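Asker: I would like the atomic coordinates for the input below:
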Amino acid sequence: MIEKGNLLVISGPSGAGKGTLCRVLVEKDPAIKLSVSATTRPPRGDERDGLHYHFLTRAVFQRMIEAGDLLEWAEVYSNYYGTPRRLVYDVLEQGRDVILEIDIQGALQVKEKIRSAVLIFIAPPSLGELRRRLTARGTDAPEEIARRLSFTLAEMKLASRYDYIVLNDEVGPAVAKLQSIVRAEKCRPRFFEGYLAQFSSS
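Answerer: As a prediction, the model looks like this:
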């Protein structure tokens, strides 16, 4: 497949603010498509099927794995998460950018399959601030928060494998950095092949 748009893969520790940054970025640039992942975890709060996630049973998810219908998948916190392949490819072929907000395991899988994918790591200001955010969210028990924080230390060690790191200390400046990345990636030579061809033929 020849990608006509950029595949922006955004991940980072739980509570780093990935979802908020992705939502604001898409609001500012509606041309960017936010991919909806599939998961076997139950909905939280007012989450709706097809909007926040495609909520699937483990049996259905496993059939998708076997059929090769997922661009990436991983088991995180005892639940499956994955990205439907065809939906992403269709949008890229239309020339639109696609955001995948996925975990680190999945991000590295995508990079192996699509070398042009742009990996962006969203980092928290500090471990203490991350703990505060997870607690304020009010969706997880204290033992679950402790488990997520322990995973964070391992996840931060993989940040250097990403193309960019965005420190999310404040939403506004962090989104501005993401917008700069989107603009810069549009200047890659692969988007100018047609333009450059006129010079090679003369």
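Asker: list phi and psi for the residue lying closest to Pro43 once chain neighbours are set aside.
Answerer: Nearest non-adjacent residue to Pro43, counting by Cβ to Cβ, 6 or more residues apart in numbering: Phe55, 5.9 Å away. For the C-beta atoms, the positions are set from N, CA and C on the backbone; glycine is no exception. In terms of degrees, to the nearest 10, the main-chain angles of Phe55 are phi -90, psi 110.
Asker: neighbours around Phe55, how many?
Answerer: Phe55 has 16 neighbours, counted by other Cβ atoms under 10 Å.
Asker: I figured it hits Arg44, correct?
Answerer: No: with contact defined as Cβ atoms under 8 Å, Phe55 does not reach Arg44; the gap is 10.5 Å.
Asker: in the helix or strand bottoming out on mean pLDDT in the chain, which residues are buried?
Answerer: In the chain, no helix or strand scores lower on mean pLDDT, DSSP states H and E than helix 127-137, which sits at a mean of 79. For helix 127-137, a neighbour-count test (16 or more other Cβ atoms under 10 Å) marks Leu130, Arg131, Arg133, Leu134 as buried.
Asker: my read: the last one touches Pro142, true?
Answerer: Same thing as Leu134. No: judged on Cβ under 8 Å, Leu134 makes no contact with Pro142 at a distance of 9.7 Å.
Asker: returning to what we had before: and the buried residues of helix 127-137, which two are furthest apart?
Answerer: Largest separation among the buried residues of helix 127-137 by Cβ to Cβ: Arg131 and Arg133, giving 7.4 Å.
Asker: these two touch, right, Lys111 and Gln105?
Answerer: No: counting by Cβ under 8 Å, Lys111 sits too far from Gln105 to count as a contact (11.2 Å).
Asker: those two: which is more packed in?
Answerer: Neighbours per residue (other Cβ under 10 Å) separate Lys111 from Gln105, with Lys111 holding more: 19 against 16.
Asker: quick one: the helices in the chain?
Answerer: 18-28, 58-67, 85-93, 104-113, 127-137, 142-156, 171-185, 193-200 (DSSP state H).
Asker: could I get the average pLDDT for the fourth one?
Answerer: In other words, helix 104-113. What helix 104-113 shows for mean pLDDT is 90.
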